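using only what follows, build the 3D model:
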Amino acid sequence: MADNQFEGKLEEFSYALGLSISSNLLQSGVKNIDALQFLAGLQDTFAGNKPKIPMDEASLILQEFMTANNDSEALKNLEEGYMFLSKNIENKGVFETESGLQYKILKEGYGGFPTIDDEVKCHYHGTLLDGTVFDSSVERRQPAVFPVNGVIQGWVEALQLMPVGSKWQLYIPSELAYAEQGAGGLIGPNATLIFDVELLEIV
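Now for the predicted structure:
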């Protein structure tokens with residue numbers, strides 16, 4: 001239990017609700033809000049006050065704002081990804097396939113190669129271009145098992161090129177990852193992704 005910083009259960013519940021709502025908003029892709037106006041909307045609703053904006057108009061405002069922000073972020077991510085990949089391919093040890101997937105071999109492997117129909121066990125660590133970690137079996141200390149054809153296209157291609165026991169760093173352009181739709185939360189539209197992938201075994 002948390003330290004008793006609240007004067008009663010209602011305060012504690014209200015704060016916990018605020019944490020939950022804000023976490024859900026971040027997962028939905030909302031990065032910034034005006035906290036005072038957000039609280040004003042909450043207060044008007046719970047107090048039964050007449051809202052400053054009719055509900056149908058509020059829904060339209062939300063939709064338009066999210067679409068505009070998404071389009072702006074998509075263009076920014078696309079440009080940043082292109083610039084990164086065009087410079088990255090000049091680095092020693094970085095290779096590029098016909099699809100645009102880039103990779104660097106961190107550790108050689110000497111086992112068999114997975115096929116599209118296999119299941120594999122991997123350790124991986126995924127980051128955005130700025131180093132933000134969005135998913136990591138390494139941090140969870142638990143390898144992941146999944147079908148080769150059940151992951152993003154960049155992974156599908158790379159896994160079939162990797163012998164068991166190898167560890168590669170993958171640089172995956174957005175069209176081989178989650179493209180324009182992104183994956184919610186940290187992975188925005190048109191995001192280029194970086195993964196350290198260690199192929200432990202074919203299951």
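
strands along the chain, start to end?
Ranges of strands in the chain, per DSSP state E, are 94-96, 102-107, 119-127, 133-136, 144-147, 167-172, 193-202.

with respect to E57, which of these lies nearest?
E57 lies closest to strand 133-136 among these, at 34.5 Å (Cβ to Cβ). In this view, the C-beta of every residue, glycine as well, is placed from N, C-alpha and C.

each with direction, which strands does that closest one pair with?
strand 119-127 (antiparallel) (DSSP bridges).

using CSV, write out every CA atom in the strand it pairs with.
Only the C-alpha atoms of strand 119-127 are listed here, as CSV (Å, rounded to 0.1, in the frame of the first residue of the first chain):
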residue,chain,number,x,y,z
GLU,A,119,8.0,-20.7,-34.0
VAL,A,120,11.0,-19.1,-32.4
LYS,A,121,12.2,-18.1,-29.0
CYS,A,122,13.9,-14.7,-28.9
HIS,A,123,15.2,-12.0,-26.5
TYR,A,124,14.7,-8.5,-27.8
HIS,A,125,15.0,-4.9,-26.8
GLY,A,126,13.0,-2.3,-28.9
THR,A,127,13.6,1.5,-28.9
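
tell me the buried residues in it?
For strand 119-127, the neighbour count (16 or more other Cβ atoms under 10 Å) marks 120-127 as buried.

residues in contact with that strand?
Contact with strand 119-127 is made by 114, 133-139, 143-148, 159, 193-203, as judged by Cβ atoms under 8 Å, 6 or more residues apart in numbering.

select only the buried ones of those residues in ChimeraX?
Only the buried entries of these go into this ChimeraX selection, using 16+ other Cβ under 10 Å:
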select :114,135,137,148,159,193,194,195,196,197,198,199,200,202
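
let me see the contact set for the residue nearest the centre of the chain.
Nearest residue to the geometric centre of the chain (Cα atoms, centre = their mean): I187, 2.9 Å. Shown in contact with I187 (Cβ under 8 Å, 6+ apart): 128, 134, 177-178, 193.
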